[in-house]
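*Asks:* Sequence plus the predicted model coming up.
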Amino acid sequence: MMSYTLPTDFPGLKVGQKYSWCFSLLCDPTVGDRSGDPVTSGWIQRMQPTAMVTQQLQTATNRQRVFIYKRQRLLK
């Protein structure tokens, strides 16, 4: 699991909206040809957690958060 912090001036993700993402690993940044670099992509949708889930997340470790999201079907 990894995290990414959005810029402070970013307006935020809208609840219910789907967003596409792409991640690539630059294996040799000195080479101009990026065709051999591993790339993955997918979709993310912001969901509004319940008050109970929000409370659980506040005291959970990062590892526990994964299981909380999975249990609530907020993470697939």
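*Replies:* Perfect, I can see it now. The structure displayed is predicted, hence computed values, not measured ones.
*Asks:* Which pLDDT value belongs to residue 21?
*Replies:* pLDDT for residue 21: 92.
*Asks:* Wait, a strand at it?
*Replies:* Yes - assessed by DSSP: H, G, I helix; E, B strand; the rest coil, residue 21 belongs to a strand.
*Asks:* Any idea how many residues pack against it?
*Replies:* Neighbour count of residue 21, defined by other Cβ atoms under 10 Å: 10. Every C-beta, even on glycine, is put in place using the N, C-alpha and C of the backbone.
*Asks:* Could you list the low-confidence segments of this structure?
*Replies:* Along the chain, the model assigns pLDDT under 70 to residues 1, 74-76.
*Asks:* do that again at 90, thanks
*Replies:* Residues of the chain meeting the criterion pLDDT under 90: 1-6, 12-13, 24-37, 44-50, 66, 69-76.
*Asks:* quick one: the helices in it?
*Replies:* 51-59, 62-71 (DSSP state H).
*Asks:* Specify the stretch among those helices that is closest to residue 26.
*Replies:* Closest approach to residue 26 among the helices of the chain (Cβ to Cβ): helix 62-71, 25.5 Å.
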